[in-house]
Structures are given as structure tokens and as C-alpha cells.
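>>> What shape does this take:
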Amino acid sequence: RRLPPPGARQQRRVLSLKRFAAATAVGLAVAAAIATVGPSSGLSRRRHPTPRGDALEATEFAAAAQVTETAGTTSSAATAKPTAAIEEEKEHESSATEKSEDAAATPAALEEESAGETAGDTQQKIEGHAEELDPKNGRTAYTVTKADEEKYAGCAPAGASCLKAKCCKDAGHQCFTKDNWWGECMVSCIKGPNVIDQSSPNPWACEALGERTPGEPKECSDDGDDCTNTKCCKSGGMQCYEKNEYWATCRAECTPGPNMKEKDWKPWSCKELGPRKPGAAPWVQQRCAHGGEPCAAKGCCAVPGHQCYTQSQYYSQCKPSCTPGEKANPWDTPWKCDKVGMRTPARADNDKSVRGMVSAWVVPRCAAGGENCLKSQCCHAIGHQCYQKNDYWASCRPECTTDPDKADNSTWNCKTLGPRSWGLAIRGWPSIYCLTLFMPSSYEGGLLKHQLSMNAGIFGCDGYDVFAAEQCTLGKTKDDIVVSAIQIPKIRVGVSQDGTAGNAKLFMA
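Reported below is the predicted structural model:
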């Protein structure tokens, strides 16, 4: 057998030690990485590294390094390089881990994590309907599914009796009983008189029949909002009326044609969308408590917007609001503010919309006496209504009859077009007509001219006329309208029997 050359065994031993040192360095690097990431990462088989094991690895590495150093400077350098790399790698891994932990702890990251966790849980089937988390209040909300719609399709709609069906068609509604002969679907029910019950003041038992229809009750529109989509109103006594395909709003009443108070002259169709919101029933004014009288026994209030509150077991009163513990005087009994019955909404038999100032377009667009109002469907004069005669003519008149017209023996169909006029209230409500009789040659002529320039006096009225016994032009208004006196006959003014001016005939002219 051939013997190895001198020094070969020594070289192989050094090479083996180099390989052992490199492998040990790699192992320590892996161990350091596992210790930095932590046992939850799944990279380490040993969940809790022991001090004994770490010490043993360190001892073995030190021994190998010492042997390598005695073998020569080359092996020592080879060992030092992995050690520096290990320390540098540890620093980088520790820094990266800290940064990732800090980023994960920020509010935005936590919010993203929370959103990610709940994204898969926002919908789940519960008893045939979908459950969602309402982002506004964090409460569970239910979305009515197709299965729900099919299940409750044959149930009672709003306003109908639910005694037989014992279920409700509208989401969030429950069938409640009044007595043995009537039950109705409502969101809630309070025992006693129901102030929106238009049929009678008899108390409600409020016994629940069947189950409540899943889902949230429909959110209706406030006054002045667009109700095209909701087709319902929040305020009692109000109805959602359509103007056109782009706009609808809640009103107490609606007359097809232009609305003289709106800035827009375009007509309303007045198509009713959905049901009218019930207001206080007519019997409320007679049967419920008024003013400061006790209300607990009656269980309702006559004044719209009032609620019956208790001060104590001996006294109660209808008030718009109540704060527990409040008292008008230091010696008074503090109010408990327990509610009795329902709050009274607006009356169901609302009067027509309150009249007021009309828009500026009414003057040039609406018809005066004797003019055709077929297109404008509105009138100037107080109490006048646009009545149709035929397909070609309509006129503003206080009233209309289908009898033959005395003027031409023709007949009118008397169809009403638009609203009845309440006058040209363009400067205030109610509209005011003013007149004056003056003497142009006296100081009165100069006074009226000055009032006209300031738009004061009778010239501030919605309508006016000036009268004089001689021809006179006062000037122009700010609207460039020439104001001239209406001439009347000259009347001799004498002296009355008590020594004053006898001018009765003058003002009667």
C-alpha cells in the first residue's frame, strides 16, 4: 500500500475541522434566526430552547475555532468570517423583526387586520335570512333574502288586518291586536289609546301574534327631502307626492299644476307614492288631555308633539319634553318623567299648505282677468281659479257653471287647472292693495313722487292705484313701470254743518 506524502494527514485534519466549523456556524445562524422569529413561526422543532443546549453548541464552536487556529492562520480567518456574518445577520433579523412588529401595532394595521378578520364573517345564514354587521353602530342587522320575501308574501300589508294571517309583509313589523276583532302590523305598540287609530279611541291590547318579520323597518323621508325611492314620510299626516320623474317630496296636500310658492314654475303631477303617514286621529282633540290637566288616566295628549309624563304617582302632565329630576321651583316634587301612552303626532286632517308669498314668476307668467290661462294654469286675482272652457280656452274666474254662457251661449266644462290664487303676495303675506287720492298741484304731488323714488308708502304694497282730479304722472318704479294718476271728475268740496270739509262725494266718486 502506498503511504500518503508527509503532512497529508495534517492537511486532511485541518480540512475536516474547517468543514465542521462552517457547519457549526450555519447551525448557530439558523438557531439564532429561529430564536428571533419565535416558536410560533413553525420553523423550530424545539418550542423552548434550553440554556444547556445553547451552551453546549457554543462550547463545541469555541473548541473547533481553537483547533483551527493552531492549524494555521488560514483556518482562523475562515472561522472568523462566518462568525462576523452571523452577528451581522442577527442584527439585521432583529431590526427587521422589530420594524414588522411596530408596523403591525399601528392603528391602520390593526384596523386592516380587524377588517380582514371580519370580512369573511359579515354574512352568514341564520334561520333563512342573512346576518350582517351594521358598520354605523356595530349591531347585527338583517338583510331580507328572497326566501324571506317568498315566506312573508302572503302576510298582511300595512294598514290591513293581520288577525287571520298572524304575520306581516313589511320588514321589521309585528302583528299586534287591538281587540278580538282587529289587529294591525306595526313596528311597536303601546297599550292604551292609539292616537293614530283613525277608527276609534278604544284602547289597544298590544298582544303580539306570530313572529316579527325579519329585517329593519324602512327609513322614511323627512319633510323637504326627496321621497322618490322611500315612498313614505316620517311626519304624521304627510303624503309623498311626485312632481316629475326626478323629484317627489312630502306634503300635506297637492294640487296638480304649478306651485306658486316655489322658485320653479314647472307643474306637479301630484301622483301619490306610497301610503299617507297617519297623523293624530280626529277624536284626539276631544278625548285626550289638554293644557295642564292630568293625563295619566286618559293616556294621551291633545296637543300635537306632546307626550304624557308623570311627576309622581299622583300627578302627570302633557309636555313636549321631560328631564328626570327637573322641577320649576325648589320646593316642587321632582319629575320622574315616566312616559304614559304615545306621543301625539301632527293631526291627520291637516289643513291645506300654509299660504304665503308667491314667487316672482307668478306676475309675468300667470293670467290676469280675461286672459287665457290654459297654459299657465294660474291666476293673479285673489280667489280666482283657472277654469277650462274647452281644449282651446280657459279663464280665471271666481266660480264656474256648466250652464250656457250668457255672452255667447256656449258651455264650459269647468275643469279646474292649477291652484286657486290667493293674490299677488310678492312683497308679503297676506297681499295688500293700497290706493290714494291726492292733489298734484299741492305739496301732495311732490310727496308722492318722493315716496315712489324710495318705493315707500303705498308703493310698498303688492298692488296700488293713485287717483287725482287732474292729469299727472309721478314717474317710474324700479321695475320701469310708469305710474300715472287715474283721473276722476272734479267734485266741489263744500263745508259740512259742523264746519269741516264736506268731501263725502269726492271719495265716493
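
>>> and residue 447, which of the three is it?
Three-state call for residue 447 (DSSP: H, G, I helix; E, B strand; the rest coil): helix.

>>> Run through the residues that contact it.
When contacts are counted by C-beta atoms under 8 Å, 6 or more residues apart in numbering, residue 447 is found next to residue 438. Glycine gets a C-beta too; all of them are placed from N, C-alpha and C.

>>> now the strands for the stretch 251-400 of the chain?
For the stretch 251-400 of the chain, applying DSSP state E, counting those that start in this stretch gives strands covering 271-272, 307-310, 316-319, 338-340, 385-388, 394-397.

>>> what packs against the fourth one?
Counting by 3 or more C-beta pairs under 8 Å, 6 or more residues apart in numbering; DSSP states H and E, the packing neighbours recorded for strand 338-340 are strand 307-310.

>>> The shortest one now?
Taking 3+ C-beta pairs under 8 Å, 6+ apart as contact, the helices and strands that strand 271-272 lies on are strand 239-244.

>>> Next, the buried residues of the strand it packs on.
239-243 (16 or more other C-beta atoms under 10 Å).

>>> partners of that strand, with directions?
strand 247-251 (antiparallel), strand 271-272 (antiparallel) (DSSP bridges).

>>> For residue 344, find the nearest of these.
strand 247-251 (18.8 Å; C-beta to C-beta).

>>> Buried residues, the closest one. List them.
Buried residues in strand 247-251, counted by 16+ other C-beta under 10 Å: 248-251.

>>> Can you tell me how far residue 454 is from residue 221?
45 Å (C-beta to C-beta, to the nearest Å).

>>> and the two? which has more neighbours close in?
Each of residue 454 and residue 221 has its neighbours counted (other C-beta atoms under 10 Å); residue 221 has more, 23 against 10.

>>> what sits against the more buried one?
Residue 221 neighbours (C-beta under 8 Å, 6+ apart): 227, 230, 232-234, 240, 249-250.

>>> between those residues, which is closest to residue 429?
Using C-beta to C-beta, the contacts of residue 221 come closest to residue 429 at residue 249, 21.3 Å.

>>> quick one: pLDDT of the closest one?
At residue 249, the pLDDT value in this model is 95.

>>> For the stretch 101-250 of the chain, which segments count as strands?
Secondary structure of the stretch 101-250 of the chain (DSSP E, counting those that start in this stretch): strands at 124-126, 129-133, 140-143, 174-177, 183-186, 208-209, 239-244, 247-251.

>>> What average pLDDT does the third one get?
When you say that, I think you mean strand 140-143. 54.

>>> before we move on, the earlier item: of the buried residues of strand 239-244, closest to residue 293?
The closest of the buried residues of strand 239-244, once distances to residue 293 are taken by C-beta to C-beta, is residue 239, at 32.7 Å.

>>> Apart from its neighbours in sequence, what residue is nearest the closest one?
Closest residue in space to residue 239, ignoring its immediate chain neighbours: residue 276 at 4.3 Å, by C-beta to C-beta, 6 or more residues apart in numbering.

>>> what sits against the one you found?
Per C-beta under 8 Å, 6+ apart, neighbours of residue 276: 233, 237-239.

>>> of all those residues, which comes closest to residue 325?
For the contacts of residue 276, the nearest to residue 325 is residue 237 (34.1 Å; C-beta to C-beta).

>>> For the residue nearest to residue 460 when sequence neighbours are not counted, the count of nearby residues, please.
Once flanking residues are discounted, residue 460 sits nearest to residue 427: 6.7 Å by C-beta to C-beta, 6+ apart. By other C-beta under 10 Å, 14 other residues sit near residue 427.

>>> Surely residue 427 touches residue 462?
Yes. The pair residue 427 and residue 462 qualifies as a contact (C-beta atoms under 8 Å) at a distance of 5.3 Å.

>>> Now list whatever residues contact both of the two.
With C-beta under 8 Å, 6+ apart, residue 427 and residue 462 have no common neighbours.

>>> With distance to residue 201 as new columns, can the strands of the stretch 251-400 of the chain be given to me in a markdown table?
Listed next are the strands of the stretch 251-400 of the chain as a markdown table, based on distance: least, C-beta to C-beta, whole Å:
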| stretch | distance to residue 201 |
| --- | --- |
| strand 271-272 | 28 |
| strand 307-310 | 15 |
| strand 316-319 | 16 |
| strand 338-340 | 15 |
| strand 385-388 | 38 |
| strand 394-397 | 44 |
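
>>> and the ones you listed as CSV, adding distance to residue 417 and mean neighbour count?
Shown next, in CSV, are the strands of the stretch 251-400 of the chain (distance: least, C-beta to C-beta, whole Å; neighbours: other C-beta atoms under 10 Å):
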stretch, distance to residue 417, mean neighbour count
strand 271-272, 17, 14
strand 307-310, 44, 23
strand 316-319, 44, 22
strand 338-340, 48, 16
strand 385-388, 4, 23
strand 394-397, 6, 24
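
>>> would JSON lines of the ones you listed with distance to residue 164 and mean pLDDT be doable?
Below are those laid out as JSON lines (distance: least, C-beta to C-beta, whole Å; pLDDT from 0 to 100):
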{"stretch": "strand 271-272", "distance to residue 164": "28", "mean pLDDT": "96"}
{"stretch": "strand 307-310", "distance to residue 164": "33", "mean pLDDT": "96"}
{"stretch": "strand 316-319", "distance to residue 164": "37", "mean pLDDT": "96"}
{"stretch": "strand 338-340", "distance to residue 164": "32", "mean pLDDT": "96"}
{"stretch": "strand 385-388", "distance to residue 164": "47", "mean pLDDT": "96"}
{"stretch": "strand 394-397", "distance to residue 164": "51", "mean pLDDT": "94"}
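
>>> shaky segments in the protein?
Residue ranges of the chain with pLDDT under 70: 1-144, 346-354, 505-509.

>>> ok so, going back, could you look up the SS state of the residue nearest to residue 460?
Assigned with three-state DSSP, residue 427 falls in the coil class.
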